[in-house]
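Colleague: here is a sequence together with a model predicted from it:
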Amino acid sequence: MPFFARFERENWKTMSNTEGLEAAADAIGKAGDLALACHVGPDGDALGSMLGLGIAAQNAGKTVRASFGSPFVMPPNLGFLPSDLLVPPGDFPAAPDLMVVLDAGSPDRLGELAANASKAATVVVLDHHITNEGFGTISVVDATAAATGELVFDLLGLLDWPITPDVANCLHTALVTDTGRFLYSNTTQRTLQIAAVLVGAGASPTQIGSHVYERSPFGYLKVAAAALSRAELDVDARFVSTIVTQADLTAAGIDWGDIDNLIDTLRLAEEADVATLAKVQADGRVRVSMRSRGDTDVGSLAAAMGGGGHRLASGFTAEGDAAVVIRQIREAIEEYR
Ligand SMILES: [Mn+2]
């Protein structure tokens, strides 16, 4: 096929490569009501792929409800996404006919909505986490996709549902955030081809960039300064880490959603292959984010700790002292190189 023909609407279908996706399109196309859920603590891909699919489905005449498990708080830097479809998890259908789960590698990533999924007649899973073991009635897991938004894009092509500017902006947000602005190693020619179609359909890279990357409350600077001043580098282990606590956030008047980009500053330390940010919640639990430059499979490391993610970006939640959790990671690192 000529290169540019791949951008033509009628050729989108040929870009799809999974049978599961056709089964998913069939189930979604036939449904009257759709219940959509993404992972707790949603990022740009989780929300963007869910809302993009939801808006397209609503435009196609479906009744759509979308949600994510507690805490039900929209991340501040994603507040620009059209969120009319969002309902609190308590208002989510208890036993949906068709539930679509996006960007969640396992049912427990749904929080309390895992119970709704267990009662749903049909569960379609769209995901790209390599740690996804394949749950749901129809499981579409493509670890070569940079974002779940790529799978939604293919799905809309199969369904022949229009990509309106709102849909395009949601899906482009999914691609931009999961690829680190098209710079991470998961970025493929195909990712950029899809992005080109989305921008052509009305996505605004400038709007997405200005909200997601170019603004933070002033308190973020204070928290980042405190966290970075406490950062520790283990040169032998090529490991940099730091801890942020609820007290840091409270003192600066900001929330956890405001520090989503902090790990990107921590990981700048060139001496380290692995960067680890431990976030001590108000209830004492420790939410850990990890990034690798390429030599360490932090996805498998996180999975061994009860979490998940990708080879170079992952996370898990632990009980106990944050400094002890960080020491455990540092001691385990060699096994994953
Ligand atoms: Mn994702």
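Modeller: Cool, got the structure. Numbering: from 1, shown residues only.

Colleague: use CA for all of it now, contacts and neighbours both
Modeller: Will do.

Colleague: got the contact list for the nearest residue to residue 188 once chain neighbours are set aside?
Modeller: Nearest residue to residue 188 in three dimensions, chain neighbours excluded: residue 146, at 7.5 Å (C-alpha to C-alpha, 6 or more residues apart in numbering). By C-alpha atoms under 8 Å, 6 or more residues apart in numbering, the contact list for residue 146 reads 128, 175, 178-179, 186-188, 191.

Colleague: what do you get for residue 123?
Modeller: 98-101, 117, 136-138.

Colleague: widest-spaced pair of the residues you listed?
Modeller: By the measure C-alpha to C-alpha, 117 and 138 form the most distant pair in those, at 12.5 Å.

Colleague: up against the ion, what does the protein have?
Modeller: Applying C-alpha under 5 Å from the ion, we find that the chain lies next to the ion at 45, 147.

Colleague: could I get the pLDDT score of the residue nearest to residue 294 when sequence neighbours are not counted?
Modeller: Spatially, and ignoring its direct neighbours in sequence, residue 294 is nearest to residue 312 (6.4 Å; C-alpha to C-alpha, 6+ apart). Here the pLDDT value assigned to residue 312 is 93.

Colleague: what number of residues lie near residue 312?
Modeller: Around residue 312 there are 21 other residues, counting by other C-alpha atoms under 10 Å.

Colleague: okay, domains of this structure per the record?
Modeller: Split into domains by automatic domain parsing, the chain comes to 3-212, 219-336.

Colleague: any idea which of those domains scores lowest on pLDDT?
Modeller: Across the domains of the chain, the lowest-scoring stretch is domain 3-212, with a mean of 92.

Colleague: chain center to it, what's the gap?
Modeller: 10 Å (C-alpha atoms, centre = their mean, to the nearest Å).

Colleague: residue contacts, the residue nearest to residue 294?
Modeller: Counting by C-alpha under 8 Å, 6+ apart, residue 312 has contacts 290-294, 296-299.

Colleague: so which of those sit within helices?
Modeller: 298-299 (DSSP state H).

Colleague: the contacts of residue 146 into TSV, with extra columns for secondary structure and neighbour count?
Modeller: Output for the contacts of residue 146, formatted as TSV (DSSP: H, G, I helix; E, B strand; the rest coil; neighbours: other C-alpha atoms under 10 Å):
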residue	secondary structure	neighbour count
128	coil	25
175	helix	28
178	helix	22
179	coil	19
186	coil	18
187	coil	20
188	coil	16
191	helix	20
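
Colleague: just send these back as CSV, with distance to residue 253 too.
Modeller: As requested, these are arranged in CSV below (distance: C-alpha to C-alpha, whole Å):
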residue, distance to residue 253
128, 35
175, 30
178, 27
179, 30
186, 35
187, 35
188, 39
191, 37
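
Colleague: among the contacts of residue 312, who's most crowded?
Modeller: For the contacts of residue 312, neighbours tallied by other C-alpha under 10 Å; top is residue 298, 30 neighbours.

Colleague: these two touch, right, it and residue 292?
Modeller: Yes. Applying C-alpha atoms under 8 Å, one finds residue 298 in contact with residue 292, separated by 6.5 Å.

Colleague: which neighbours do these two share?
Modeller: 274, 311-313.

Colleague: tell me the most packed of the residues you listed, by neighbour count.
Modeller: Of those, with other C-alpha under 10 Å as the count, residue 274 tops at 28 neighbours.

Colleague: how about that residue, phi and psi?
Modeller: Dihedral pair for residue 274: phi -110, psi 130, per degrees, to the nearest 10.

Colleague: that one - nearest residue in space that isn't next to it in sequence?
Modeller: With C-alpha to C-alpha, 6+ apart, the residue lying closest to residue 274 is residue 292, at 4.5 Å.

Colleague: from what I see, that neighbour and residue 271 are in contact.
Modeller: No. Applying C-alpha under 8 Å as the test, residue 292 and residue 271 come out as separate, 11.8 Å apart.

Colleague: that older thread, tell me the one of the shared contacts of residue 298 and residue 292 nearest the ion?
Modeller: residue 313 (10.3 Å; C-alpha to the ion).

Colleague: in contact with the residue lying closest to that closest one once chain neighbours are set aside, which residues?
Modeller: Leaving aside its sequence neighbours, residue 313 sits nearest to residue 291 (C-alpha to C-alpha, 6+ apart; 4.6 Å). Listed by C-alpha under 8 Å, 6+ apart, the contact set of residue 291 reads 263, 267, 274-276, 298, 312-314.

Colleague: redo the residues you listed as a markdown table? Include secondary structure.
Modeller: Formatted as a markdown table, these follow (DSSP: H, G, I helix; E, B strand; the rest coil):
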| residue | secondary structure |
| --- | --- |
| 263 | helix |
| 267 | coil |
| 274 | strand |
| 275 | strand |
| 276 | strand |
| 298 | helix |
| 312 | coil |
| 313 | strand |
| 314 | strand |
